[in-house]
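1. just to be clear, the model below is a prediction. Sequence and coordinates:
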Protein chains: 2
Amino acid sequence: MVILDHKQIEELIDLDVAGAAIEAAYIAASNGEVTLPPVGHITFPDVAGDCHIKYGHVKGDPSFVIKIATGFPHNAQSGLPTGNGMSLVMSAQTGVVQAVLHDEMVMTDIRTGLGGAIATKCLARSDSKRVLIVGTGPQAMRQIESHIALIGDRLSFEVWGRSAAKAQSVVCALQPKCKITVADDLAAATRKADIVVTATGSTAPLIKDAWVGEGTHITAVGADAPGKQELETRLISRADVLVADSIDQCLDHGEMSHAFGQELISRQNVVEIGTTLSGATLGRTNATQLTIADLTGIAAQDIAIAHVVLKANRND
Amino acid sequence: MVILDHKQIEELIDLDVAGAAIEAAYIAASNGEVTLPPVGHITFPDVAGDCHIKYGHVKGDPSFVIKIATGFPHNAQSGLPTGNGMSLVMSAQTGVVQAVLHDEMVMTDIRTGLGGAIATKCLARSDSKRVLIVGTGPQAMRQIESHIALIGDRLSFEVWGRSAAKAQSVVCALQPKCKITVADDLAAATRKADIVVTATGSTAPLIKDAWVGEGTHITAVGADAPGKQELETRLISRADVLVADSIDQCLDHGEMSHAFGQELISRQNVVEIGTTLSGATLGRTNATQLTIADLTGIAAQDIAIAHVVLKANRND
């Protein structure tokens, strides 16, 4: 039984390799090739904590994956991380436990970052250069790193946060790797961006419809639970191309759920990233379209990144 | 993070200590003090394998437990165990993973054995001496060991199996610990037993109603899934006291499910082991009653035994 901690796991992940694996996982999920039972959930009301258990199997894979993720917001008061967890890799042929990947959320953070970059690469104009990153947390950093890895040097970044100091610290951390500055004004920064990536825990819209120009692409990863929202509702209904990682999840509790709940969009307006990547559905078809990707996170990504880690650990 | 393998776990478990913990867990479960979300389940049809995820939290406990158990019957062909798995112990205050108990089913086997002995101790006549064990697998051994530990030296055992050779090997293995012989004839052995413990994977009744005398107690642990049955259906409907570890589970897929499905018993005929142990419901009230305990296994037992292991490992 392989046991790896978060540092070992982070060192084993090559973003290009993992990006390709997650792209394949999106396609497999949209093709119905992933067995995904309902997500398990237990809550701890006394401390507002909870634990999710996501598990699944890609048809034909020798292993299946069980991912356990906890969220305990009160941890912040004592300086502990609010998110935690691990993935177990088990043989789909014998049930034997093959690996305990005690990643403490590292794999989730990385696969979420890569999902964002995959969506941007798939949907943004090929001449896009200016990326606005909204948010200053760990996921904002992962988005920048993934966009650099999968899309490349042509991109420059502006970072906006409620706290200018936090935005500055993201800039300082990533300055060696890319062209990056702090955005002082969210409206102005949105107006000049080719690509907007939102990665906040916001529960009220941050990006207004009026700020977003023709041809922009938006990747929204912050809204992963009921009540969260980063984009003005009418921006969703205005989009020419709406892409979800999982149509069911995004309409239920993603960025799109607000417009869907108000009947401003219907299920027929949304395509899945997996079918868009495979070419089965259309993504962007011209330079003036507004494209929006809503990513809530799917177990197929967790399965893919666990396999990437194990494969790298076997050195094959 | 504590990581223990099945040998370390087995050495840490004192049957008396674990028995007391599981008794308390039964009571807590019946009192509604255990949060038990629906069991997770994923299947692997190509190899007839499956994986169950049972998890829960006893109110007030500092930890919660996630138990993962796999069943891959084809493993037998290659000499591998058909059951496998592990339990994770996580903080209910911070979500941090406290322990990976890679027990490979040892904790499940032990808690099932102890559950049987707890039920027998609670329901059998206090002067019972002769125990018939039906089955020769690992669980039959666990039942004998648990009955010795929790009830004591007054018991003598007869072991019956379809294979007399396997029954003989159980007898040889346990002869140093107790009075034990092979039962050649199931009908005759049942007629003279005070206590019958069934621990087989049978899908057709083994114990006939006509063989069972007044005052007998039966603990049936084999029927833990739809289609399994060890006792003739009319034996269930004849019982004076019917006790379930979980009324819902036993009526759905336990030994009682057949009689319940044929409307020979109703939900009102069944009490729970937890309420019987606490005295909230009646168990045996005289020496002539036929008492039957149907045990399908509940997550509260898994939680209890994981805590016993961790506590012993901390040496407190």
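-> Received the coordinates, thanks. The shown structure was predicted, so the numbers you read here are calculated from the model rather than taken from an experiment. Numbering: from 1, shown residues only, chains lettered A, B, ... in the order given.
2. for chain A, give me the ranges with low pLDDT.
-> Applying pLDDT under 70 to chain A picks out residues A:316.
3. which bits of it sit near chain B?
-> When proximity is defined as CB under 8 Å from any CB of the partner chain, chain A approaches chain B at A:1, A:3, A:35, A:37-38, A:40-44, A:47, A:49, A:51, A:53, A:55-57, A:64, A:66, A:68, A:70-72, A:75, A:80, A:83-86, A:88, A:90, A:92-97, A:100, A:102. Placement of C-beta: from N, CA and C, glycine included.
4. what sits against the residue of the stretch 101-250 of chain A found nearest chain B?
-> Nearest residue of the stretch 101-250 of chain A to chain B: A:His102, at 6.3 Å (CB to the nearest CB). For A:His102, the contacting residues are A:3-6, A:86, B:1, B:97, B:100, by CB atoms under 8 Å, 6 or more residues apart in numbering or on different chains.
5. again, only using 6 Å
-> Going by CB atoms under 6 Å, 6 or more residues apart in numbering or on different chains, A:His102 touches A:5, A:86.
6. quickly note the distance from the residue nearest the centre of chain A to A:Asp245.
-> With distances taken as CA atoms, centre = their mean, the residue of chain A nearest its centroid is A:Thr112 (3.1 Å). According to CB to CB, to the nearest Å, A:Thr112 stands 10 Å off from A:Asp245.
7. what packs against the helix or strand containing A:Arg142?
-> Per DSSP states H and E, A:Arg142 falls inside helix A:138-150. Where contact means 3 or more CB pairs under 6 Å, 6 or more residues apart in numbering or on different chains; DSSP states H and E, helix A:138-150 is packed against helix A:106-123.
8. give me the angle between the helix it packs on and helix A:138-150.
-> 50 degrees (axes from the mean of the first three to the mean of the last three CA atoms, to 10 degrees).
9. circling back to that earlier point, okay, and which of the residues of chain A next to chain B map to strands?
-> A:3, A:35, A:40-44, A:49, A:51, A:53, A:55-57, A:64, A:66, A:68, A:70-71, A:83-86, A:88, A:90, A:97, A:100, A:102 (DSSP state E).
10. in PyMOL, how would I select just the buried ones from the residues you listed?
-> Per 16 or more other CB atoms under 10 Å in any protein chain shown, the buried members of these correspond to this PyMOL selection:
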select buried, chain A and resi 35+40+42+44+49+51+53+55+56+57+64+66+68+70+71+83+84+85+86+88+90+97+100+102
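11. neighbours of A:Pro138, how many?
-> 17 (other CB atoms under 10 Å in any protein chain shown).
12. go on, A:Gly115?
-> Residues lying near A:Gly115 (other CB under 10 Å) number 28.
13. quick one: the helices in chain A, in order.
-> A:6-12, A:15-30, A:106-123, A:138-150, A:164-174, A:186-192, A:233-238, A:247-253, A:257-261, A:273-278, A:299-314 (DSSP state H).
14. hey, which of those helices is tucked in deepest?
-> helix A:106-123 (a mean of 25; mean count of other CB atoms under 10 Å in any protein chain shown).
15. residue in the stretch 151-300 of chain A with the shortest distance to chain B?
-> With CB to the nearest CB, the shortest gap between the stretch 151-300 of chain A and chain B falls at A:Ala299, namely 10.7 Å.
16. tell me how far that residue lies from A:Ile305.
-> In this structure, A:Ala299 and A:Ile305 are 11 Å apart, going by CB to CB.
17. kindly report the same for A:Thr233.
-> A:Thr233 is 32 Å from A:Ile305, by CB to CB.
18. what do you get for A:Asp153?
-> 25 Å.
19. off-centre distance for stretch A:48-68?
-> 17 Å (CA atoms, centre = their mean, to the nearest Å).
20. what are the contacting residues of that stretch?
-> Contacts for stretch A:48-68 (CB under 6 Å, 6+ apart): A:28, A:33-36, A:39-43, A:69-73, A:85-92, A:299, A:302-303, A:306, B:95.
21. now do stretch A:20-38
-> Stretch A:20-38 is contacted from outside by A:56-59, A:111, A:114, A:118, A:272-275, A:277-278, A:298-301, A:304, A:308, B:42, using CB under 6 Å, 6+ apart.
22. at 8 Å what do you get?
-> With CB under 8 Å, 6+ apart as the test, stretch A:20-38 has contacts from A:54-60, A:64, A:111, A:114-115, A:118, A:245-246, A:272-275, A:277-278, A:280, A:298-301, A:303-305, A:307-308, B:40-43.
23. now swap in stretch A:252-262 and tell me
-> Applying CB under 8 Å, 6+ apart, the contact partners of stretch A:252-262 are A:220, A:222-226, A:228-231, A:233-234, A:236-237, A:242, A:244, A:250-251, A:265-267, A:270, A:292, A:294-296.
24. give me the buried entries from these.
-> By 16+ other CB under 10 Å, the contacts of stretch A:252-262 give A:220, A:222-224, A:228-231, A:233-234, A:236-237, A:242, A:244, A:250-251, A:265, A:270, A:292, A:294-296 as buried.
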